[in-house]
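>>> please find the sequence and the predicted model below.
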Amino acid sequence: MPIMEITNNGRQPEPDAELQGELKKARIEIKKLDRELKLARRLIERNKINAEANDSLSRVVSDKKSELEKYMNLLLENCPDIIILFDQKGKIAHCTDAFLKRSRIPGIGMIQNSTYRELFSSRTSASFIEKMDSIFNGLSFFASPFHADESIDIGADGNSRDYSVQVTPMTDETGRPMGAMALFYDATEILAAKREAEFANKAKSDFLATVSHEIRTPMNAIIGMSTMLKSTPLNGEQMGYLRNIENSSNVLLSLINDILDFSKIEAGKLELVPEYFSLSGMLEDINSMFEFLYRKKKLYFTPVFDEKLPAVVYGDEKRISQILINLLNNALKYTPSGGVYFRVSLESEVGAGHTASIRFDVEDTGIGIQEDAIPRLFTAFEQLDLVKNKKVVGTGLGLVITKRLCTMMGGSIDIKSEYGKGSVFTVTLDLKTGSPEDLPEEKITVIEFTAPEAEVLLVDDIEINLEVASFMLDSFGIKPDTAKSGTEAVKMAAEKHYDLILMDHMMPDMDGVEAAGIIRQGGSSSATPIVALTANAVSEARNMFLANGFNGFLAKPMDSAALAECLLRRLPEDKIREKPAG
C-alpha cells in the first residue's frame, strides 16, 4: 500500500473538482438504481399476486362453469316441457329428455344432425314447417319469434296432441345469429278444457236465448193484457191490483234484462255502438225519469249539472244511460230516507273534437256499505247485508254490469261509503266532444196519429199475442189481418198488398226469417216493409234480421211508443192522419 502524503497538519488532501463531480453522479445513479430495484421488486410481487388471483379466478370460473353446465344438464334432463335447440342451419343441437322420451328416441346422438324438416315433416302440419322456414331463412335479417298452436304427433304413433309452440331466434353477446330455440308446451288438457268451456258457454247462451223467448212471450201477454184491462171500467180496488201486476211485470222484465246483459258481457258478445249524441238531452231524460220515482218514494232528488259540460259527445248513449240509471236505481233502492244528489261535472276544459273527462257522482243518504264488504260489491249475483236488504228486489248484477260497461268504455268507477250514513258512487268517462252538426238524424217525433186506411199483416203463432198486438194497433185505428203461421203469412202476402208486415220470429213449421225470405222473392207484398216481432234478446238480433230481408224489429214485450215510432217510419205518409188537438 502506498503511503499517502500527509499535509495540512495530518489531514487528507481534498479531491480535485472533477473527481468530486463523478462521485456525486455515482451516488445519484446508485439511488436511482436502488429506487428502480425497489419498484421492480414491487412489480414482481404485484404480478405474483395477480397471477395467483388469476389462477384463483380461473378456478372459480371453471368451477362455476362446471356447476352451471351441471344445472343446465339437469334442466334439460328434468324439464317436463319439450325444448329443442337448433343451430344456424336448422339442425338439432340439443334437446330436453322429455322430447327423447316422447319421441321414443334412445339418445340425442341419433338425431343431432337432423334438421327440423326431417324431424317434423311427418309429425305436424305443413304450415308449421313453413313458419319454421321463415325463422331460419331470416336469421341473418333478425327474424322475429313466432307462436303457434299445433297438433303434433311427437311419438309418430298416430296419437297427436295439442301443443303451444314458441320459437325464438338465438343470438350471442355480439348479436350474431346462433340458431333458434323451440319450446313445446303440451296444452292438450287446457285446450280441451277451453273447448268444453266454449261449448258450455254456447249452451248457456242458447239456454238463455230460449229462456228469454219463453219468458218474454208470456210477459208480452201479461203486460199487453194489463194495458188492455186499463181501458176497461175498473173500481179503485181493481186498479190497485192492476198497478201491482204492472209493477211486478216491470221488475221481472228488468231482472231478465240484467241477466241477459251479463250473459252477453261474459260471452264477449256485448258490443258498444258509439255515435254523437246530445249529453244534455240524455241527462234531462234521466232527470225526468227519476224526479218522479224519488218523489213517489218521498225522497229528494237534486241534479247538479256543470254549465261547462260539452253539448255533444261521442259514445254509446244507451250504455252510458244504463250506467247512470243503474246507479240511480241502486241509490233509490237502498235509501229509505233523505235523498240523492246527482252531479255531473267536467274534469277538464276541452274544445270540439277533443276528449272531455266527465265525472258522474251519485251521492245518497242511504244505508251505506261496510268497509270489508266494498270489495264484494262488484261480484255477480251477490247482495250485501242480506238481512237488512231482504225486501230489496234484484239479481245483484246491476253494479257488476255497470263496472263491466265502464271498463269496456275505458272509464272507471269508484265508491266511498260510510256504513249507516250513505255512499258516493263516482264514474269517470273520457268522451270525445263534438258539435251539433255531428249529431245523427234526429229520431222521429211521435205524434198523436191514426192510420185507419193502412193495410197491416200481423203474424204470430200464439193467439194471445195476436190479441194484444191487435189491441195496440187498434189504438191507431188499424184493423190488421192476422196469420197464425209463416206458411199462412206467405200465402196472404202473395195475394194482397200490405203497407206493413209485423212478423213473429220463432214459429213452428216455418219461422219468420224463412217466411220473410219467401215473401221477398215475389208477390203483391214483396217490397213491403217487414218488421220482426222477437222475444229473443240474446242473439245479435238487429244484424241478423237486417241480413235476412227485414227492415227492423220490435222487441217483446212490445212497447206502445216503439210501435208508434215503427208505424210512423214504415207506413206510407198518405196513410198517416194526425189527431186534431184536444
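Now that the structure is in, tell me what you want to look at. Residues are numbered from 1 along each chain as shown.
>>> can you tell me which residues contact Cys289?
Just to correct that, residue 289 is Met rather than Cys. Ile325 (C-beta atoms under 8 Å, 6 or more residues apart in numbering). Using the backbone N, CA and C atoms, a C-beta is placed for each residue, glycine as well.
>>> can you check the one 10 residues further on too?
If a contact means C-beta under 8 Å, 6+ apart, then Leu299 has Leu332, Thr335, Ser337, Gly338, Gly339, Val340 as its contacts.
>>> burial measure for the last one, as a count.
Spelled out, that is Val340. Using other C-beta atoms under 10 Å, Val340 is surrounded by 22 other residues.
>>> figure out the helix or strand that it lives in.
Following DSSP states H and E, one finds Val340 within strand 339-346.
>>> tell me how far that strand lies from the chain's centre.
28 Å (C-alpha atoms, centre = their mean, to the nearest Å).
>>> partner strands of whichever helix or strand comes after it, with direction?
Past strand 339-346, further along toward the C-terminus, the next helix or strand under DSSP H and E is strand 355-364. According to DSSP bridges, strand 355-364 forms sheet pairs with strand 339-346 (antiparallel), strand 422-434 (antiparallel).
>>> thinking again about what came up before, got CSV for the contacts of Leu299, with distance to Glu418 and pLDDT too?
Converted to CSV, the contacts of Leu299 look like this (distance: C-beta to C-beta, whole Å; pLDDT from 0 to 100):
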residue, distance to Glu418, pLDDT
Leu332, 19, 90
Thr335, 14, 91
Ser337, 16, 92
Gly338, 13, 93
Gly339, 16, 93
Val340, 15, 94
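>>> ok, of the residues you listed, which come out buried?
Buried members of the contacts of Leu299, counted by 16 or more other C-beta atoms under 10 Å: Leu332, Thr335, Gly339, Val340.
>>> ok, back up a step: would you turn the strands paired with strand 355-364 into a markdown table with distance to Gln238?
Putting those into a markdown table (distance: least, C-beta to C-beta, whole Å) gives the following:
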| stretch | distance to Gln238 |
| --- | --- |
| strand 339-346 | 33 |
| strand 422-434 | 39 |
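>>> for Gly109, which of the ones you listed is the nearest?
Closest approach to Gly109 among the strands paired with strand 355-364 is made by strand 422-434 (61.8 Å; C-beta to C-beta).
>>> send me that closest one as CSV with only the CA atoms.
Extracted in CSV, the C-alpha atoms of strand 422-434 (Å, rounded to 0.1, in the frame of the first residue of the first chain):
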residue,chain,number,x,y,z
GLY,A,422,-124.7,6.8,2.8
SER,A,423,-122.5,6.3,-0.3
VAL,A,424,-121.0,8.1,-3.2
PHE,A,425,-120.5,6.3,-6.5
THR,A,426,-118.3,8.1,-9.0
VAL,A,427,-118.0,7.2,-12.7
THR,A,428,-115.4,8.9,-14.9
LEU,A,429,-115.6,8.6,-18.7
ASP,A,430,-113.4,10.1,-21.3
LEU,A,431,-115.7,11.1,-24.2
LYS,A,432,-114.7,12.8,-27.5
THR,A,433,-116.6,16.1,-27.9
GLY,A,434,-118.4,17.2,-31.0
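>>> apart from its neighbours in sequence, what residue is nearest the residue most central in space within the chain?
Against the mean C-alpha coordinate of the chain, by C-alpha atoms, centre = their mean, the closest residue is Met408 at 6.0 Å. Excluding the flanking residues, the one nearest Met408 by C-beta to C-beta, 6 or more residues apart in numbering is Leu272, at 6.1 Å.
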